[in-house]
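Chemist: below are the sequence and a predicted model; questions follow.
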Amino acid sequence: MTHARRRGLLPSALLAVLLLGACTGQSPDSEPVESDTEATVSLEDADTASVSAPSVQGCTPPPPLPATIPTFEAMQAPTAASADSLTATVQTSCGNIEIELDGRAAPVTVASFEFLSAEGFWEYSPCHRLTTEGIHVLQCGDPTGTGRGGPGYTFGIENEPPDGQYPRGTLAMARTQDPDSNGGQFFIVHQDSEIPVELGGYTIFGRVTGGMDIIDRIAAQGVDGGGADGMPAQPISILGVEVNEERATDS
């Protein structure tokens with residue numbers, strides 16, 4: 001069964017993930033995975049920053065931010081994934097990212113991912129944060145591009161690693177310090193990372209099975225303006241997401 005976005009998948013590809021609330025000038029070891037409305041620093045210029053930067057091979061200019069963003073206020077998060085194991089293709093402005101979703105370990109998170117994909121929530125949303133020291137992640141999933149946006153509902157933590165280890169290729173949810181603040185932002189780990197368990201952990205709900213080379217190229221370009229935490233110098237945006245029930249294979 002395929003869950004296509006209601007407005008249809010676009011032909012080109014881009015990846016957008018939301019991990020921690022983008023915090024320019026903040027050490028990636030402190031409050032490493034904030035998102036949504038309680039992010040401590042806004043990236044209000046996310047729609048224009050770095051647009052003139054040299055393009056990485058395979059990347060096209062990111063689209064403008066969406067004119068309207070779906071919101072689902074006053075609703076509870078979906079609670080059950082349609083299958084224990086699903087795959088998804090995240091089409092980005094730099095190519096396709098293939099992921100495997102673990103509906104058994106994180107059923108609410110995967111159910112929400114299915115729902116938001118079908119609603120086109122991430123269409124034209126930029127990946128607004130890259131970290132390259134302490135933790136190594138690309139964060140996406142906020143259509144506003146500010147690190148403060150969400151779908152209008154939130155839910156709690158699932159499947160957090162007890163040892164604080166987030167291996168390369170991990171797909172996990174971003175949140176604020178509130179453990180029940182998971183929403184639409186997520187992150188992809190581009191190098192093995194450890195996040196102290198004292199911070200409460202972050203939901204691991206899948207892994208990248210194809211397209212890590214895209215993430216590597218974005219990470220290699222570093223953070224816009226230098227530093228180790230901020231907008232990626234090479235812009236990348238999500239163009240569409242498609243979820244299906246076929247199990248992913250490594251590539």
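Modeler: Great, that's in hand. Numbering: from 1, shown residues only.

Chemist: which is the next helix or strand following the helix or strand encompassing Thr209?
Modeler: Assigned by DSSP states H and E, Thr209 belongs to strand 204-210. Using DSSP H and E, the helix or strand that follows strand 204-210 in sequence is helix 212-221.

Chemist: in that following helix, what counts as buried?
Modeler: Residues Met212, Ile214, Ile215, Arg217, Ile218, Ala219, Gln221 are the ones in helix 212-221 that count as buried (16 or more other C-beta atoms under 10 Å). Quick note: C-beta positions are derived from backbone N, CA and C, even for glycine.

Chemist: could I get those as JSON lines with distance to Gly184 and pLDDT?
Modeler: Converted to JSON lines, the buried residues of helix 212-221 look like this (distance: C-beta to C-beta, whole Å; pLDDT from 0 to 100):
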{"residue": "Met212", "distance to Gly184": "22", "pLDDT": "98"}
{"residue": "Ile214", "distance to Gly184": "21", "pLDDT": "97"}
{"residue": "Ile215", "distance to Gly184": "19", "pLDDT": "98"}
{"residue": "Arg217", "distance to Gly184": "25", "pLDDT": "97"}
{"residue": "Ile218", "distance to Gly184": "20", "pLDDT": "98"}
{"residue": "Ala219", "distance to Gly184": "22", "pLDDT": "98"}
{"residue": "Gln221", "distance to Gly184": "25", "pLDDT": "97"}
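
Chemist: helices along this protein, start to end?
Modeler: Ranges of helices in the chain, per DSSP state H, are 107-118, 212-221.

Chemist: which one of these lies nearest to Pro63?
Modeler: Judged by C-beta to C-beta, the one of these that comes nearest to Pro63 is helix 212-221, at 16.6 Å.

Chemist: output the contacting helices and strands for the closest one.
Modeler: Where contact means 3 or more C-beta pairs under 8 Å, 6 or more residues apart in numbering; DSSP states H and E, helix 212-221 is packed against strand 95-102, strand 129-133, strand 135-140.

Chemist: make it 10 Å
Modeler: If contacts are counted by 3 or more C-beta pairs under 10 Å, 6 or more residues apart in numbering; DSSP states H and E, helix 212-221 sits against strand 85-92, strand 95-102, strand 129-133, strand 135-140, strand 186-189.

Chemist: could you give the angle of that helix to strand 95-102?
Modeler: Computed by axes from the mean of the first three to the mean of the last three C-alpha atoms, to 10 degrees, the angle separating helix 212-221 from strand 95-102 equals 110 degrees.

Chemist: what angle sits between helix 212-221 and strand 204-210?
Modeler: Using the same axes, to 10 degrees: helix 212-221 against strand 204-210 is 100 degrees.

Chemist: that older thread, buried ones in the strand holding Thr209?
Modeler: Ile204, Phe205, Gly206, Arg207, Val208, Thr209, Gly210.

Chemist: and the nearest residue to the last one once chain neighbours are set aside, what pLDDT?
Modeler: Using C-beta to C-beta, 6 or more residues apart in numbering and skipping the chain neighbours, the partner closest in space to Gly210 is Glu98 (3.4 Å). Model confidence at Glu98, given as pLDDT, is 98.

Chemist: re earlier: distance to Gln91 for the helices of the chain - can I get that in a markdown table?
Modeler: Listed next are the helices of the chain as a markdown table, based on distance: least, C-beta to C-beta, whole Å:
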| stretch | distance to Gln91 |
| --- | --- |
| helix 107-118 | 11 |
| helix 212-221 | 11 |
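
Chemist: against Gly95, how distant is the closest residue in space to Ala219 that isn't next to it in sequence?
Modeler: Once flanking residues are discounted, Ala219 sits nearest to His190: 4.6 Å by C-beta to C-beta, 6+ apart. The gap separating His190 from Gly95 is 15 Å, by C-beta to C-beta, to the nearest Å.
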